[in-house]
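[1] turn this into a model:
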Amino acid sequence: MPRPGSRCDHGQRRRPVPDAGRDLRRCTAATSGRWRIDRSPGRRVRIELRARRLVCGNEDCARRTFAEQIPALTRRHARRTETLTAHVTDVALFLGGRPGSRLFQRMAIDTCKDTLLRLIRALPLPSSGLMPHLGVDEFAVRRGRTYATILIDMTTHRPIDVLADRAAATFASWLRDHPEVRIICRDRAGSFRDGAQAGAPQARQVADAWHLLNNLAQAVERVIGRHRADLREPLTTHDGPTDDDPRPEGHGRTELDIHGRPRPLVARTRERHQQIHERIARGDSLRAIARDLQLSRGTVNRFARAEEVDELLVAAVNRPTLIDDYRIYLHHRWLEGCTNASALAREIQRLGYRGDVNTVRRHLKPYRVGAIPATTPSPRLTVRRVTDWIMRRPEHLTDLERKRLEELCERNRVLETTIEYARRLALMVRERRNEHLALDVWIADVRLDGQRELRTLANGMRRDRAAIQAALTTTYTSGAVEGNVTRIKLLKRQMYGRANFDLLRRRILLSP
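    Numbers count the residues shown, from 1 in each chain. Just a heads-up that it's a prediction; the model follows:
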């Protein structure tokens, strides 16, 4: 019996059979094979290699003969080299099945989308290891229908697992298998809060500061939306010189189009208001009026509440348009002598305007007939514009924006108290301040005399007080989690939304 590793008659060192556990007896013949290898794009290269066919001398071995493998080049039953297989797998992770197969067609590599998906599924999933700092958030598998949960290692900012749903029980079950978690960064979703309390009571939960400011902005926007009538009245604060007796733009002018004809929207609003109030005077129900006029119940209610049609026309003739943000620019350019509508349209398009030149022409029609405003046009106040003024840092407001906000506060005291509470909380979150129980004082003050939208926010913050307190006293955020959610959206678009959850989970965890 030859010793293991001794030389055979052909002068080659014997190699053990993979499954036999004994050395080789002899080499009986040579075999050939063909493999695709990595090469320059656009050139097809094929290797024809002659290797030995070896015979095993172990009578109990199920494999009598086998071909010799070349290290780092060949593998049993493989049609590609190890290097090319690694490159194909990387492309599959980056692009997915169908886009990857189209790329390989341009590179003259024969493969299909199913092969790429099989390579992804054959990869081993990375082990999570120990993660004391955990980030969690949800993402939409099918928006509005199915949601999943992404878990992030906040030390490496890499995803460590993907859960099939966003239920609190699923998250709690995962946390019980990882008792090393000490910090959980999350948004203010109740399911993650309850899951963390049930699965990892030893962990400290930290609410994300951006989500807290976003919740505050949404509450402020709802408060301003209830008082939008005050936004429709023109402000007396203007940018630039004013006359002693400025001539405001009357309703009669805004109810006509650029040709002097009644605007269709205005005429339709007057007609509907008259029809609905005549039917109400006869004793018809709102449901019957909506059915006969083919209008929604909400529209009929809105017309029925308006005693005068002018209440409806204020909103009808002052609707926001694409050119609202550029009215001041166009006014100054007209006074500078630029009266070409096409040139002005190109200028504001470089500033972000998405409309066409016809809208600019309609806006400049009064200027051409001599009706140039005596003062700089004020931007139309919208709910979101005023919300932006309130949520922005006071030192970042311009003098004109600050004066207009002060005028709104003088007009409506509800907005004044809302601005005070919003800025107090925003300052605490941005500056990480919580001296003298500032958070508890803010919650108590809002619950005492704040608007109902802010009271709802304060009640939710009271239930989540510990996590918000941690957000004000630590530097942990969910920025890395939100970045991974954005990356998941890119992966979903690459797969056209048709991948099942198993493949999506592998691409999330394995993609570099």
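[2] which parts of the protein are strands?
    24-36, 46-56, 65-67, 133-142, 146-153, 158-163, 183-186, 204-207 (DSSP state E).
[3] including mean pLDDT, could the ones you listed go into JSON lines?
    Below are those laid out as JSON lines (pLDDT from 0 to 100):
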{"stretch": "strand 24-36", "mean pLDDT": "51"}
{"stretch": "strand 46-56", "mean pLDDT": "77"}
{"stretch": "strand 65-67", "mean pLDDT": "77"}
{"stretch": "strand 133-142", "mean pLDDT": "92"}
{"stretch": "strand 146-153", "mean pLDDT": "93"}
{"stretch": "strand 158-163", "mean pLDDT": "93"}
{"stretch": "strand 183-186", "mean pLDDT": "93"}
{"stretch": "strand 204-207", "mean pLDDT": "93"}
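[4] looking at those, which is closest to residue 267?
    strand 133-142 (43.4 Å; CB to CB). Glycine gets a C-beta too; all of them are placed from N, C-alpha and C.
[5] elements contacting the closest one?
    Judged by 3 or more CB pairs under 8 Å, 6 or more residues apart in numbering; DSSP states H and E, strand 133-142 is in contact with strand 146-153, strand 183-186, helix 479-494.
[6] what about residue 279, how many residues nearby?
    For residue 279, the neighbour count with other CB atoms under 10 Å is 18.
[7] surely it touches residue 287?
    No - applying CB atoms under 8 Å, one finds residue 279 not in contact with residue 287, separated by 11.4 Å.
[8] could the strands of the chain be laid out in a markdown table, adding distance to residue 347?
    Shown next, in a markdown table, are those (distance: least, CB to CB, whole Å):
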| stretch | distance to residue 347 |
| --- | --- |
| strand 24-36 | 56 |
| strand 46-56 | 60 |
| strand 65-67 | 73 |
| strand 133-142 | 39 |
| strand 146-153 | 44 |
| strand 158-163 | 45 |
| strand 183-186 | 45 |
| strand 204-207 | 44 |
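[9] which one, of these, ends up nearest to residue 482?
    Among those, strand 133-142 comes nearest to residue 482, with 6.9 Å by CB to CB.
[10] what's the angle from the closest one to helix 479-494?
    Between strand 133-142 and helix 479-494, the angle comes out at 30 degrees (axes from the mean of the first three to the mean of the last three CA atoms, to 10 degrees).
[11] for residue 510, what are its contacts?
    Counting by CB atoms under 8 Å, 6 or more residues apart in numbering, residue 510 makes contact with 93, 120, 123, 125, 126.
[12] among those, which two are most distant?
    Checked with CB to CB, the contacts of residue 510 reach their widest spread between 120 and 126, with 13.6 Å between them.
[13] those two: which is more packed in?
    Using other CB under 10 Å, the more surrounded residue of residue 120 and residue 126 is residue 120, with 20 against 12.
[14] quick check: the more buried one touching residue 90?
    No - judged on CB under 8 Å, residue 120 makes no contact with residue 90 at a distance of 10.5 Å.
[15] returning to that earlier point: possible to save the helices and strands packed on strand 133-142 as CSV with distance to residue 139?
    Putting these into CSV (distance: least, CB to CB, whole Å) gives the following:
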stretch, distance to residue 139
strand 146-153, 6
strand 183-186, 14
helix 479-494, 5
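[16] so which of these is the most packed in?
    Most buried of the helices and strands packed on strand 133-142 by mean neighbour count (mean count of other CB atoms under 10 Å) is strand 183-186; its value is a mean of 24.
[17] tell me the strands beside it, with direction?
    strand 133-142 (parallel), strand 204-207 (parallel) (DSSP bridges).
[18] neighbours of the nearest residue to residue 89 once chain neighbours are set aside, just the number please.
    Leaving aside its sequence neighbours, residue 89 sits nearest to residue 119 (CB to CB, 6 or more residues apart in numbering; 4.7 Å). Look at residue 119: counted by other CB under 10 Å, it has 20 neighbours.
[19] read off the pLDDT value for residue 119.
    Note on residue 119: pLDDT of 89.
[20] again with residue 450
    In this prediction, residue 450 carries a pLDDT score of 88.
[21] which residue is the nearest non-sequential neighbour of it?
    Nearest non-adjacent residue to residue 450, counting by CB to CB, 6+ apart: residue 421, 5.7 Å away.
[22] what sits against that neighbour?
    Neighbouring residues of residue 421 by CB under 8 Å, 6+ apart: 442, 445, 446, 450, 454.
[23] if you compare the strands paired with strand 183-186, which one is most tucked away?
    strand 204-207 (a mean of 23).
[24] contacts for that one next, please.
    With CB under 8 Å, 6+ apart as the test, strand 204-207 has contacts from 182-188, 193, 196-197, 464, 466-468, 470-471, 474, 476.
[25] quick one: low-confidence ranges for the stretch 51-200 of the chain?
    Along the stretch 51-200 of the chain, the model assigns pLDDT under 70 to no residue.
[26] er, the stretch 301-450 of the chain actually
    Within the stretch 301-450 of the chain, the stretches with pLDDT under 70 are 311, 314-320, 373-380.
[27] now do the contacts for the residue nearest to residue 89.
    By CB under 8 Å, 6+ apart, residue 119 lies in contact with 85, 88, 89, 92.
[28] just checking, the third one touches residue 120?
    Okay, so that is residue 89. Yes - assessed by CB under 8 Å, residue 89 is found in contact with residue 120 at 7.3 Å.
[29] rewinding a little: gap between the residue nearest to residue 450 and residue 110?
    66 Å (CB to CB, to the nearest Å).
[30] what's the answer for residue 365, then?
    64 Å.
[31] which non-adjacent residue is nearest residue 456?
    Using CB to CB, 6+ apart, the nearest residue to residue 456 is residue 219, at 7.0 Å.
[32] please save the CA atoms from stretch 418-426 in CSV.
    Below are the C-alpha coordinates for stretch 418-426, written out as CSV (Å, rounded to 0.1, in the frame of the first residue of the first chain):
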residue,chain,number,x,y,z
THR,A,418,-49.2,78.0,18.5
ILE,A,419,-46.0,79.7,17.4
GLU,A,420,-44.8,80.0,21.0
TYR,A,421,-45.4,76.4,21.8
ALA,A,422,-43.9,75.1,18.5
ARG,A,423,-40.7,77.1,18.9
ARG,A,424,-40.3,76.1,22.5
LEU,A,425,-40.4,72.4,21.6
ALA,A,426,-38.3,72.9,18.5
